[in-house]
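Colleague: Quick check, what structure comes out for this input:
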Amino acid sequence: MDNEQFLEKRKFIIKLGKALHKFGTPAYRLETHLQTVSRTLGIEGYFLISPTSMTFVLQHDTDQEYNHVARVKPGELDLGSLARTDELVDELTSGKRTLTEALDRLEEIANKPNPYGPALTCFSFGTSAAAFAMLMGTGWNDVFWSGLLGLLVYGFVYRAERSTRMAEVLEPFATIVCAIAACAIARIDPNINIPVVILSSIIIFIPGLALTLGLAELAARDLISGTARIMDASMLLFKLYFGAVLGMAIGKAFFGEAIHIEPEGLPRWAIWSAVPILSMALVFIFKARIQDSPWGVLAGIVAFFSAMLGGHFFGDSVGIFFGALAVGVYSNLYARWMKAPASIALLQGIVILVPGSKTYIGLNALISGETMLNQSHIGSQIFLIFMSLIAGLIFANVVVPPRRTL
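Modeller: Numbering: from 1, shown residues only. The predicted structure is shown next:
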C-alpha cells in the first residue's frame, strides 16, 4: 500500500466514523465496526469513541502512525442513513464501489435531508404522544390532549433545527409550555391527568433509550462512553422534570388549582393497539426507510407482547428480560436474513421496553412525594427493569450471535 492509498483509506474511515456517530450508533458497536472496516481495507486501527469526542489511531504498514481527534456533538437516531451507510460499506468491500465513489456517496448520505418532511414528522410526534398516553391507560381525554400537545412540541423542535438559541433550551422550554397548556386545558376538561398529559406530550425527549444504551456500553466495558451517556441522559431528565414543575407552578398561578375528575380507564384493546401505533410513529421520527419499517414495527410488537407474557408468569420487572431477549434474538435474525444492521429493528423494539417514563415518574415521587399513577415501589422497579433489559440483550447475543457489527 503506497502513501496515497493510505491517505484515501484513512480519509474514508474517519468520515465513516463521524457519519455513523452522527446517526446515533452506540460507541461499542461503532468501535467494533470501524475496526472491522479498517482490517478489511488493510489498515490497523484503534478507536476511542464517546458521545462528544472521537479518537482515531490508524497505522500504515510502514509503522507510520496517524492520530485524529475530533470534538463532536451527541448523535441522533437516523436509522435510514445508518442502513444506507451499511450498504455502502458492503458495496466498497465487495468491490462494487471504489474508494472515491464511496467517499462521495458517504458525503451524500450525511447531507441527505429528512426524507419525510415536516408535515409527516409533526404528525408522528402527535401520534407518538397520543399512543404513549394510550399505553398509560388513564383515559381518552388524556390521549386527545397529549396528541395535540405532541404537535406543539414538534413546532419547537422544528424551530430548534433553525435556531441555536432555541436548540439550547429546547427540552425544558417545550416542557414548560406543555405544562402551562395542560393546566389551562384542565380548567375546561377536568378529566385529564395533568402530569400524565405532560409526560406523554414530551415522551420523545425522555432519555430512556439513552440510559439503556449507556448501561449497555458499561456492560460492554466501554466505561468512558457509558458513563458520559448516562450522565447526559440524567441531566436531560432533570431539565425535563424542572420544566414540568416550573410550568405547573406558572399554570396554577394563572389558572388556579385544577379539580380532577377520575375518568373511565381505557379498554384493554386500546392499550394493546397503542404498541403498533407507537412503533409506526417511531419509523418516521427515527427516519427509518419505508422498506425497513415493517421489521421495526414488528420488533416493537415482539418486544411488548414477549414482555407481557413473561410478566404474566414472572412479574412485570422480570418480564422485561424476556421482552429484551425476544427482540434481541429477532433483531439478530433480521440482520442475518436481510443483511442489514440489527440496530434498525433492535432500537425500535427497545424503545417500547425502556423505562424512561418510569424514571421520570420515580423522580417525581422522590422529589414531590406524590405519585402520578398508582404504582408502588417505583424506584426498585426502575432498577430491576434496566438490569433485566441489559441482561436480555446480552443473552440474546449468546442465543443468536450477531453476524454484523452495527
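Colleague: alpha carbons only for contacts and neighbour counts from here, please
Modeller: Fine.
Colleague: which stretches of the stretch 51-200 of the chain have low pLDDT?
Modeller: Residue ranges of the stretch 51-200 of the chain with pLDDT under 70: 62-63.
Colleague: Would you state the helices of the stretch 251-400 of the chain in chain order?
Modeller: 268-285, 293-314, 316-338, 343-353, 356-368, 378-399 (DSSP state H, counting those that start in this stretch).
Colleague: Among the ones you listed, which comes closest to residue 69?
Modeller: helix 343-353 (26.0 Å; C-alpha to C-alpha).
Colleague: for the closest one, packing partners?
Modeller: helix 79-93, helix 208-219, helix 268-285, helix 293-314, helix 316-338 (3 or more C-alpha pairs under 8 Å, 6 or more residues apart in numbering; DSSP states H and E).
Colleague: and the angle for it with helix 268-285?
Modeller: Orientation check (axes from the mean of the first three to the mean of the last three C-alpha atoms, to 10 degrees): helix 343-353 against helix 268-285 gives 140 degrees.
Colleague: Can I get helix 343-353 in PDB, CA atoms only?
Modeller: Output of helix 343-353 as PDB, limited to C-alpha atoms (Å, rounded to 0.1, in the frame of the first residue of the first chain):
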ATOM      1  CA  SER A 343     -29.900  -1.800  15.200                       C
ATOM      2  CA  ILE A 344     -32.700  -0.900  12.800                       C
ATOM      3  CA  ALA A 345     -35.000  -3.500  14.400                       C
ATOM      4  CA  LEU A 346     -33.400  -3.600  17.800                       C
ATOM      5  CA  LEU A 347     -33.700   0.100  18.700                       C
ATOM      6  CA  GLN A 348     -37.300   0.400  17.600                       C
ATOM      7  CA  GLY A 349     -38.100  -2.600  19.800                       C
ATOM      8  CA  ILE A 350     -36.100  -1.400  22.800                       C
ATOM      9  CA  VAL A 351     -37.900   1.900  22.800                       C
ATOM     10  CA  ILE A 352     -41.100   0.100  23.700                       C
ATOM     11  CA  LEU A 353     -39.500  -1.500  26.700                       C
END
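Colleague: residues in contact with residue 210?
Modeller: Contact analysis of residue 210 by C-alpha atoms under 8 Å, 6 or more residues apart in numbering lists 229, 230, 233.
Colleague: Return the entry from these with the maximum number of neighbours.
Modeller: Ranked by neighbour count (other C-alpha atoms under 10 Å), the contacts of residue 210 have residue 229 at the top, with 27 neighbours.
Colleague: Work out for me the element that one sits within.
Modeller: Assigned by DSSP states H and E, residue 229 falls within helix 223-255.
Colleague: Would you mind listing the buried residues in that helix?
Modeller: 223-227, 229-230, 232-234, 236-237, 239-252, 255 (16 or more other C-alpha atoms under 10 Å).
Colleague: likewise stretch 151-167?
Modeller: 151, 152, 153, 154, 156, 157, 160, 166, 167.
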